[in-house]
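Chemist: quick check, what structure comes out for this input:
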Amino acid sequence: LTIMAAGSPTGGIPCLLIEIMKEPVGGSAGLGFSIGGGIDQDASRNPWAPDDTGIFVTNVMPDGPAARAGLNPGDKILQANGYDLTMATHKDAIKYLTKKKEQIIRLKIFRPDILRTRGNPAM
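Modeler: Numbering: from 1, shown residues only. Now for the predicted structure:
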């Protein structure tokens with residue numbers, strides 16, 4: 001995991017960079033996590049950040065690719081392979097996360113405890 005600030009090297013939203021390698025699961029390539037949210041969803045039902053329309057990780061499969069990479073339920077996905085997901089619909093987020101031609105997904109995520117651990121890259 002790498003801690004950085006999205007937007008510029010000197011400022012912006014503190015985020016983590018997580019790289020996930022897709023693995024074959026039942027005939028397709030899986031990432032081992034599920035998402036919820038999006039600008040087209042009811043943000044008042046978001047259990048991690050009420051009224052936030054972002055894309056959030058809702059479930060991480062134990063021992064799956066996402067779990068091994070360090071992704072956690074409640075992580076907010078800001079980008080996937082350079083695609084901005086901060087204003088994405090749920091359907092668009094799924095489309096960017098599951099592109100068949102991309103075997104590695106590089107995520108920029110926000111996690112509330114980043115603010116507490118920002119000075120400690122070892123986490």
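
Chemist: can you give me the helices in the protein?
Modeler: 65-69, 90-97, 114-117 (DSSP state H).

Chemist: how about a markdown table for the ones you listed, with distance to residue 21, mean neighbour count and mean pLDDT added?
Modeler: Backbone N, C-alpha and C define where each C-beta goes, glycine included. What follows is these, written out as a markdown table (distance: least, Cβ to Cβ, whole Å; neighbours: other Cβ atoms under 10 Å; pLDDT from 0 to 100):
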| stretch | distance to residue 21 | mean neighbour count | mean pLDDT |
| --- | --- | --- | --- |
| helix 65-69 | 6 | 18 | 96 |
| helix 90-97 | 13 | 16 | 95 |
| helix 114-117 | 23 | 14 | 64 |
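
Chemist: ok, which of the ones you listed comes nearest residue 40?
Modeler: helix 90-97 (6.0 Å; Cβ to Cβ).

Chemist: what is the distance between that closest one and the centre of its chain?
Modeler: 12 Å (Cα atoms, centre = their mean, to the nearest Å).

Chemist: could the helices of the chain be laid out in TSV, adding distance to residue 48?
Modeler: Formatted as TSV, the helices of the chain follow (distance: least, Cβ to Cβ, whole Å):
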stretch	distance to residue 48
helix 65-69	16
helix 90-97	15
helix 114-117	14
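
Chemist: which stretch among these comes nearest residue 36?
Modeler: helix 90-97 (7.5 Å).

Chemist: mind listing what the closest residue to residue 46 other than its chain neighbours touches?
Modeler: Leaving aside its sequence neighbours, residue 46 sits nearest to residue 52 (Cβ to Cβ, 6 or more residues apart in numbering; 5.5 Å). By Cβ atoms under 8 Å, 6 or more residues apart in numbering, the residues touching residue 52 are 37, 43, 46, 76.
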